[in-house]
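*Asks:* missing the sequence, but the structure's below:
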């Protein structure tokens, strides 16, 4: 079951990165499809293993910030890809829009996994 969740979330990450690179201005991905696949795998691993732990730990702060801390956590995960891979988000607005795209697809993958 966890492998199916990892595969679904990695696929959502690959598609989200591709859509962000194609449709969001100032998002540049260098290296071709291998960068999308490696980025999707990194997102899949983080979203399957580490993000649930971070979400549980930060519940009190999420309540205090009315959920905005969750958005900051998601932005920092996508920003990690900018640091590790040859992906450039030029400015905070493309990073924010890409985060919304990637994690919307991740929520769709979560819904598919739970059914």
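*Replies:* That came in fine, so what should we check first? The structure displayed is predicted, hence computed values, not measured ones.
*Asks:* who's in contact with stretch 51-60?
*Replies:* The set of residues external to stretch 51-60 that reach it, using C-beta atoms under 8 Å, 6 or more residues apart in numbering, is 62, 69, 70, 73, 77. For every residue, glycine as well, the C-beta is placed using N, CA and C.
*Asks:* Could you say which of those residues is surrounded by the most neighbours?
*Replies:* Ranked by neighbour count (other C-beta atoms under 10 Å), the contacts of stretch 51-60 have residue 77 at the top, with 21 neighbours.
*Asks:* Spatially, what comes nearest to that one if we skip its sequence neighbours?
*Replies:* By the measure of C-beta to C-beta, 6 or more residues apart in numbering, the closest residue to residue 77 outside its immediate chain neighbours is residue 46, 5.6 Å from it.
*Asks:* The chain: strands as residue ranges?
*Replies:* 27-29, 87-89 (DSSP state E).
*Asks:* who does the first one touch, helix- and strand-wise?
*Replies:* Contact analysis of strand 27-29 by 3 or more C-beta pairs under 8 Å, 6 or more residues apart in numbering; DSSP states H and E lists helix 2-23, helix 33-45, strand 87-89 as its packing neighbours.
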